[in-house]
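Asks: What follows is a protein structure lacking sequence information:
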């Protein structure tokens, strides 16, 4: 098959792009796969994918971006007919193409009118819809009146077992601040929580924040660094994939707080849609202490392979409990590793191939 893949956020190369590029790499083993993007950036994207995400795209080619806003709908429709199938990561939009269209959703699209004639018409030409979690599926199904499938994101573990665990609490996530200055991944909230731990008497523990930053968010990054002064808090921005996994391998506890303090009934998209970094941390033996919302509830088995917390005070209590009980920390670490196997690359590839060949 000749398969085209489109991801409108390819310039960020974060968790969502790990999903789409993993799909490209997986399918390229048996099919001819193309990514719709600027052909002139092929070398840059492939090199960055290896360095930042650890994904080899050597068997994948870039193809003229037919989904660029400057490409006419007629040209897009004609060009799409050169492919047997197209996998389209939706930002809320659904294109009209002249081939089998598989639409992937990674987050809720509450702003889209699922009852409009335009949306209903476009859905007629969609072969299948698949989501990254049941959290996303439930909201997409209600919005578009469909029965989508779930294919969990793939997690390829690169833990270095030679690296000894240290007294480190880790967080991994991109830096994203909205127009009101609210931090989507809540790194600022977690810094405050860690400082409270230290002020409460915790000694000899460090908080490491591995963070993906775009140029326009440098001011927000500097604010986080300013907040961290005087405490054992290290912020690593845009590290290599090797450095990322070194930190996963060293850390004992993993924090994730996306969705905290938000009105998730009104804005469900502000919860964590899945949480690849949580699974990566678990596979590396970190015990997750995460906010109880969104896709995190599908990953962490509360009180078994980690903790689901309902507030930052809960984070502090559960974290102190782990730090003060080495046997508990070790036992939950083993359960975390076991749980991460559910989200393997092999299972992802198998599910994706089944979707495209049914």
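Replies: Structure received. Note that this is a predicted model, so its numbers are computed, not measured. Numbers count the residues shown, from 1 in each chain.

Asks: From here on, just use CA atoms for contacts and neighbour counts.
Replies: OK.

Asks: Bridged to residue 170, which residues?
Replies: residue 208, residue 254 (DSSP bridges).

Asks: Which residues are in contact with residue 347?
Replies: residue 154 (C-alpha atoms under 8 Å, 6 or more residues apart in numbering).

Asks: Help me confirm that residue 339 comes into contact with residue 305.
Replies: Yes. When contacts are counted by C-alpha atoms under 8 Å, residue 339 is listed as touching residue 305 (6.9 Å).

Asks: show me where the stretch 51-200 of the chain has strands.
Replies: For the stretch 51-200 of the chain, the strands defined by DSSP state E, counting those that start in this stretch occupy 60-63, 85-89, 100-105, 126-131, 149-150, 168-174.

Asks: which neighbours does the first one have in its sheet, and in what orientation?
Replies: If you go by DSSP bridges, strand 60-63 pairs up with strand 32-36 (parallel).

Asks: Could you tell me how far the strand it pairs with lies from the centre of the chain?
Replies: 22 Å (C-alpha atoms, centre = their mean, to the nearest Å).

Asks: Just the mean pLDDT for that strand, thanks.
Replies: Across strand 32-36, the average pLDDT comes to 98.

Asks: Let me know the next secondary structure element after it.
Replies: helix 42-48 (DSSP states H and E).

Asks: low-confidence ranges in the chain?
Replies: Scanning the chain for pLDDT under 70 picks out no residues.

Asks: can you pull out the helices in it?
Replies: 15-27, 42-48, 73-80, 117-124, 134-144, 187-199, 218-228, 241-250, 276-283, 296-299, 312-323, 326-340, 345-357 (DSSP state H).

Asks: Comparing those, which comes out most buried?
Replies: helix 276-283 (a mean of 27; mean count of other C-alpha atoms under 10 Å).

Asks: Mind listing residues that contact that one?
Replies: So helix 276-283 is contacted by 15, 153-157, 159, 172-173, 248, 254, 256, 287-288, 296, 299, 333, 336-341, 343 (C-alpha under 8 Å, 6+ apart).

Asks: same thing with stretch 315-332?
Replies: Under C-alpha under 8 Å, 6+ apart, the answer for stretch 315-332 is 193-194, 197, 253, 287, 289-290, 304-307, 309.

Asks: Residue 210: which of those is nearest?
Replies: For these, the minimum distance to residue 210 (C-alpha to C-alpha) is 13.7 Å, reached by residue 253.

Asks: Tell me the spacing between that closest one and residue 242.
Replies: Note on residue 253: its distance to residue 242, by C-alpha to C-alpha, to the nearest Å, is 19 Å.

Asks: give the contact list for residue 239.
Replies: Listed by C-alpha under 8 Å, 6+ apart, the contact partners of residue 239 are 52, 210-212.

Asks: what's the burial count for residue 230?
Replies: The tally of other residues near residue 230 (other C-alpha atoms under 10 Å) stands at 8.

Asks: rewinding a little: for the contacts of stretch 315-332, give me JSON lines that also has distance to residue 132.
Replies: Below are the contacts of stretch 315-332 laid out as JSON lines (distance: C-alpha to C-alpha, whole Å):
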{"residue": "193", "distance to residue 132": "29"}
{"residue": "194", "distance to residue 132": "30"}
{"residue": "197", "distance to residue 132": "34"}
{"residue": "253", "distance to residue 132": "25"}
{"residue": "287", "distance to residue 132": "22"}
{"residue": "289", "distance to residue 132": "21"}
{"residue": "290", "distance to residue 132": "18"}
{"residue": "304", "distance to residue 132": "23"}
{"residue": "305", "distance to residue 132": "21"}
{"residue": "306", "distance to residue 132": "21"}
{"residue": "307", "distance to residue 132": "21"}
{"residue": "309", "distance to residue 132": "22"}
